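>>> Here is a sequence together with a model predicted from it:
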Amino acid sequence: MFLLLFSAAMCGAVPDGADEGILCSTFSIAAVDTPTGECGVAVASRVLAVGCIVPWVDASAGAVATQALVNVSLGQAGLDLLAEGMTAGEVMDSLIASDPDIEQRQLGVVDMEGGSATFTGGGAMSWAGGVTGPGYAIQGNILTGPGVVEAMERAFLDADGPLSRRLVLALAAGDAAGGDSRGRQSAAVLVARPGGGYQGVGDILVDIRVDDHEDPVGEILRIYALWEPVFLFQTYIDAGREPERTLALGIMERALASGDRDAQTLNAFAWTLAERGLYPERALALAMEAHSLAPDDMNIVDTLAEACYATGQFQAAVTWEEEALRREPGNAWFVEQLAKFREALASTERTAVPQE
């Protein structure tokens, strides 16, 4: 009982006649991207750790946002109904019918077919409301005005890139438009994709939470810019299809355009492309730049050799790998790489010998 009352005191007063619970006044967007099979929620609020309250995602079903006088059980219930094959509208109707205190709640639901629904109970504190469109539901309560959700919708529709990027840009637009009328404290973005977890384990592609910060949305943007090249780039490249490959290249270009020419980032891009035989000339250029920034890093020299190999420059690959092995003679990986490059060079020389 103490925890519930304390949470209500921290997050806002519980309306008379309502059941005790966390009053999570906030603005959020739940959305799906049908071409990539991703779904997610981005949220911000003047509430501690809003990321543990509002966003609910299931890569095979869709996404739900639970807010206002929160009944968090509606999040999992909504995902379960989506998994059964209900549309977003049908799920919303079912959730509304199941909760006697629904007029104190606010919900957003999207299904993997692009269906969407939003609900704002009559007891939600002003300004409160929402908007939907194909594949997205945006809602908020105790906001500075309707301009918050309007700005979020414009930003989401105008943005390019992965679903996660469009979500955080929508969140930033809502924050810039006024956001929660009481101020700022926390924000989160949660995105799921089948097999999208780290090393392919699980479905959580993006999971960034800022639980207590004077500028939580700004911090989300900062961390997300780091997250894209580290966690999303390889996932999209390895998807082996469009639109993910285009998304991956966009991630790389944004990272390179940031002006922070970090040798390890350049090396990571170069290795990912070269090792997969994708855009080999670009991989070689990135590896050369990384080497110029960190000439004593033999892992970068190894990448440079791999990039030469990818472009068919087998002698150069051998030369670079010999240099790496000279500097680190006990490196078993370099030995293996050198053997691969020497075999490719020998095969080319055999092919080039004139037949009598």
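Structure's in. What do you need? The structure displayed is predicted, hence computed values, not measured ones. Residues are numbered from 1 along each chain as shown.

>>> how much space is there between Ala339 and Val318?
10 Å (Cβ to Cβ, to the nearest Å). Backbone N, C-alpha and C define where each C-beta goes, glycine included.

>>> between the two, who's got more neighbours?
Val318 (22 against 11; other Cβ atoms under 10 Å).

>>> so the more buried one touches Phe341, yeah?
Yes - judged on Cβ atoms under 8 Å, Val318 makes contact with Phe341 at a distance of 4.7 Å.

>>> Any chance you could list residues touching both of these two?
Shared contacts of Val318 and Phe341 (Cβ atoms under 8 Å, 6 or more residues apart in numbering): Ala305.

>>> Below-threshold pLDDT in the stretch 251-356 of the chain: ranges please.
Within the stretch 251-356 of the chain, the stretches with pLDDT under 70 are 352-356.

>>> let's see 90
Across the stretch 251-356 of the chain, residues meeting the criterion (pLDDT under 90) sit at 258-262, 348-356.

>>> where do the helices sit along it?
263-275, 280-293, 298-310, 314-327, 332-352 (DSSP state H, counting those that start in this stretch).

>>> cool, the chain as well?
2-11, 73-83, 88-98, 147-158, 163-176, 216-227, 233-239, 244-257, 263-275, 280-293, 298-310, 314-327, 332-352 (DSSP state H).

>>> Any chance of these in JSON lines with distance to Pro35 as columns?
Formatted as JSON lines, the helices of the chain follow (distance: least, Cβ to Cβ, whole Å):
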{"stretch": "helix 2-11", "distance to Pro35": "37"}
{"stretch": "helix 73-83", "distance to Pro35": "19"}
{"stretch": "helix 88-98", "distance to Pro35": "18"}
{"stretch": "helix 147-158", "distance to Pro35": "16"}
{"stretch": "helix 163-176", "distance to Pro35": "10"}
{"stretch": "helix 216-227", "distance to Pro35": "21"}
{"stretch": "helix 233-239", "distance to Pro35": "11"}
{"stretch": "helix 244-257", "distance to Pro35": "9"}
{"stretch": "helix 263-275", "distance to Pro35": "22"}
{"stretch": "helix 280-293", "distance to Pro35": "24"}
{"stretch": "helix 298-310", "distance to Pro35": "28"}
{"stretch": "helix 314-327", "distance to Pro35": "37"}
{"stretch": "helix 332-352", "distance to Pro35": "36"}
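
>>> With Val57 as the reference, name the closest of those.
helix 73-83 (7.7 Å; Cβ to Cβ).

>>> Tell me which residues are up against that closest one.
56-58, 60-62, 64, 66, 88, 90-91, 94-95, 98-99, 105, 107, 109, 111-112.

>>> One more: stretch 316-325?
298, 301-302, 304-306, 308-309, 331, 334-335, 337-338, 341-342, 344-345.

>>> Tell me where the stretch 1-150 of the chain is predicted with low confidence.
Using pLDDT under 90, the flagged stretches of the stretch 1-150 of the chain are 1-26, 124, 126.

>>> ok, which stretches of it are strands?
23-24, 26-33, 38-45, 55-58, 62-69, 105-111, 116-120, 129-133, 136-140 (DSSP state E, counting those that start in this stretch).

>>> re earlier: I would like a ChimeraX command selecting only the buried ones among the contacts of stretch 316-325, please.
Those of the contacts of stretch 316-325 that count as buried under 16 or more other Cβ atoms under 10 Å are selected in ChimeraX with:
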select :298,301,302,304,305,306,308,309,331,334,337,338,341,342,344,345
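
>>> Next up, the contacts around the nearest residue to Arg166 once chain neighbours are set aside.
Spatial nearest neighbour of Arg166, excluding adjacent residues (Cβ to Cβ, 6 or more residues apart in numbering): Ala159 at 4.2 Å. Ala159 makes contact with Arg165, Arg166, Leu169, Ala170, according to Cβ under 8 Å, 6+ apart.

>>> Quick one: which of those residues is the most crowded by neighbours?
Busiest of the contacts of Ala159 [other Cβ under 10 Å] is Ala170, holding 28 neighbours.

>>> Quick check, it in contact with Phe156.
Yes - Ala170 lies in contact with Phe156 (Cβ under 8 Å); the separation is 4.0 Å.

>>> and for these two, which residues touch both?
Here Ala170 and Phe156 share the contacting residues Ile29, Ile138, scored by Cβ under 8 Å, 6+ apart.

>>> if we can go back for a sec, nearest to Leu221, of the contacts of Ala159?
Of those, the one sitting nearest to Leu221 (Cβ to Cβ) turns out to be Leu169, at 8.3 Å.

>>> Now that closest one. Nearest residue, chain neighbours left out?
Ala159 (4.5 Å).

>>> tell me the phi and psi of that neighbour?
In terms of degrees, to the nearest 10, the main-chain angles of Ala159 are phi -70, psi 160.

>>> Map the structural domains onto the sequence of the chain.
Domain segmentation of the chain under automatic domain parsing yields 2-217, 262-350.
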